[in-house]
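K.L.:
Mind folding the following:
(chains A and B)
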2 protein chains.
Amino acid sequence: MRYCIAFSYDGKNYFGYQIQPNQISVQEELEKALSTILREHIKITAAGRTDTGVHAKKMFAHWDTNTEVGEDLVKRLNGFLPPDIAVRSIFKVTPDFHARFDAIYRTYEYYISLDKNPFTRNSAWQHWKRSLDLDLMNKACGYLFDYNDFTSFSKLNTDTKTNLCEIYKAEWVKDGELLIFTISANRFLRNMVRAIVGTMVDIGLKKIPPEELKTIIEKKHRNMAGSSAPAQGLFLVDVGYDWNRFIRE
Amino acid sequence: MRYCIAFSYDGKNYFGYQIQPNQISVQEELEKALSTILREHIKITAAGRTDTGVHAKKMFAHWDTNTEVGEDLVKRLNGFLPPDIAVRSIFKVTPDFHARFDAIYRTYEYYISLDKNPFTRNSAWQHWKRSLDLDLMNKACGYLFDYNDFTSFSKLNTDTKTNLCEIYKAEWVKDGELLIFTISANRFLRNMVRAIVGTMVDIGLKKIPPEELKTIIEKKHRNMAGSSAPAQGLFLVDVGYDWNRFIRE
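P.N.:
Predicted structure coming up:
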């Protein structure tokens, strides 16, 4: 039987989502918890991976087991997992469901605090020393929709075959002293959101004009873009699937 | 000249607000920052002290200096202070202002997360294993207003002369999966809010009926009440003053 699990994690103490030799990872903690409780070796496949220090409000993974499981597994897993990983739900899916390949879109949020805030220091870029022009940053967002090759915002030497992404949403919103950037796409390249945010902050600081973003994208080279925004401000917030295809009651 | 400073801190890494020998404290960090920047030995007097691990969204302190200072000191202090302490404002007060003795009320909030939440694990009691009856907890709040001797919720052997407090507000509110307890009083005894919250959680768990709170208060002995709620859920959120008396333009 194939199950899907939805979970959240604070990435601060992990070397990313994916299992790494000799490093602590979210995947390893989840597989350890599932394998221990179900007394069976469980391997999970997630919608994607997040880098060191990046958080997820909602991530999905699928896994196969010989044991029929129910909703009570959520509480048992949460009791076993460390405080910085929480399972939100577990549900049965059809055997052809694939958490990574069936994802239609991924949505990320990036948080910037415009005042020094002790309570968001691990969940937002503390950017209070110089002010940012939100209108310029939102103007730059508009240009993202005109392109689909985002090589300029990709980590060099990754194993992806193409650097093509379709952007569905890209927008900055101000909520009190918090700036929230929301970006949705069919897929993201490694480091892409943080490189876009870093470049947009350069635009908000008026170091470069918003139109410069077009040139940066067109050059298709990573050293064109601004530096990466810090990991602690980035959250994977949702992954979209056509659930009607994969859940049958 | 006497100045007043409003500040926030995440108490996680501090042994409370007040300076302690050989321990890290919020007061020490602030005095070090002020003394370094103003090149003068500065001692500050706060509205009160918070215990190890307790946070403050808004705390006030006064201090005297020979140097005229302006609003720019806020940014300079924030640059000097660690990320878990933030200065919000600095303003001149009359020489008779006293941050502790002139406080009219103090307001605390206590946060309980009803689901396991990796992002509030340092700012809310993660109480997701058993459900709480909010109506019973709010019924208990009503009894607090009938009393003013809160010895039953005070740490033993403190140096306070009386255990009398006047409660102005006490209420539980649910916001999504977060329970927020707000309590205002003219003064609080050491450990009082956490002891009240611990007892209220026993009421919410139906371990004791709400009416039992009356007996607990009337016995005037600490071992009557429930155990203390964990420090990380508690925030000092405001201190009230009659500012018209103390600020002159």
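
K.L.:
for A:P209, what are its contacts?
P.N.:
A:136, A:203 (CB atoms under 8 Å, 6 or more residues apart in numbering or on different chains). Placement of C-beta: from N, CA and C, glycine included.

K.L.:
In three-state terms, label it for me.
P.N.:
coil (DSSP: H, G, I helix; E, B strand; the rest coil).

K.L.:
what's the answer for the one 5 residues further on, then?
P.N.:
Of the three states, A:K214 takes helix according to three-state DSSP.

K.L.:
Against A:T52, how distant is A:N13?
P.N.:
10 Å (CB to CB, to the nearest Å).

K.L.:
A:F101 too?
P.N.:
A:F101 is 25 Å from A:T52, where distance means CB to CB.

K.L.:
More neighbours: the two, which one.
P.N.:
A:T52 (15 against 9; other CB atoms under 10 Å in any protein chain shown).

K.L.:
for chain B, what are the nearby residues on chain A?
P.N.:
Contacts of chain A with chain B, taken as CB under 8 Å from any CB of the partner chain, map to A:8-10, A:55, A:57, A:75, A:78-79, A:83-88, A:115-119, A:121, A:123, A:126, A:128-129.

K.L.:
which ones among those residues are found in helices?
P.N.:
Using DSSP state H, A:75, A:78-79 are the members of the residues of chain A next to chain B that sit in helices.

K.L.:
Counting neighbours, which of these comes out on top?
P.N.:
Highest neighbour count within these, by other CB under 10 Å: A:N78, with 20 neighbours.

K.L.:
just checking, it touches A:R88?
P.N.:
No - contact criterion CB atoms under 8 Å: A:N78 and A:R88 do not qualify, at 9.4 Å.

K.L.:
Now for those two: what residues contact both?
P.N.:
Common neighbours of A:N78 and A:R88 (CB under 8 Å, 6+ apart) do not exist.

K.L.:
In ChimeraX, how would I select the buried members of the residues of chain A next to chain B?
P.N.:
Buried subset of those, written as a ChimeraX selection, criterion 16 or more other CB atoms under 10 Å in any protein chain shown:
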select /A:8,9,10,55,57,78,84,85,86,87,88,115,116,117,118,119,121,123,126,128
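
K.L.:
Domain parsing of chain A, as residue ranges.
P.N.:
Domains of chain A are assigned by automatic domain parsing as A:2-102, A:105-237.

K.L.:
nearest to B:N66, of the ones you listed?
P.N.:
B:N66 sits nearest to domain A:105-237 of all the domains of chain A, at 27.0 Å, using CB to CB.

K.L.:
what pLDDT, on average, does the closest one get?
P.N.:
Taken as a whole, domain A:105-237 has a mean pLDDT of 94.

K.L.:
Kindly check the end-to-end length of that domain for me.
P.N.:
11 Å (CA to CA, to the nearest Å).

K.L.:
Take the ones in helices among the residues of chain A next to chain B and write them to a markdown table, including pLDDT.
P.N.:
Listed next are these as a markdown table, based on pLDDT from 0 to 100:
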| residue | pLDDT |
| --- | --- |
| A:K75 | 96 |
| A:N78 | 98 |
| A:G79 | 97 |
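
K.L.:
and which of those residues is nearest chain B?
P.N.:
A:N78 (4.6 Å; CB to the nearest CB).

K.L.:
ok, that closest one - contacts?
P.N.:
A:86-87, B:116, B:128.

K.L.:
Quick check: closest non-adjacent residue to it.
P.N.:
The shortest distance from A:N78 to any non-neighbouring residue, by CB to CB, 6 or more residues apart in numbering or on different chains, is to B:K116 (4.6 Å).

K.L.:
wait, isn't that neighbour in contact with B:A124?
P.N.:
No - using CB under 8 Å, B:K116 is not in contact with B:A124, being 10.6 Å away.

K.L.:
host element of A:N244?
P.N.:
helix A:243-246 (DSSP states H and E).

K.L.:
Could you export that helix as PDB, CA atoms only?
P.N.:
Extracted as PDB, the C-alpha positions of helix A:243-246 are listed here (Å, rounded to 0.1, in the frame of the first residue of the first chain):
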ATOM      1  CA  TRP A 243      -5.800  14.700  -5.500                       C
ATOM      2  CA  ASN A 244      -8.900  13.400  -7.400                       C
ATOM      3  CA  ARG A 245      -6.600  11.200  -9.400                       C
ATOM      4  CA  PHE A 246      -4.700   9.800  -6.400                       C
END
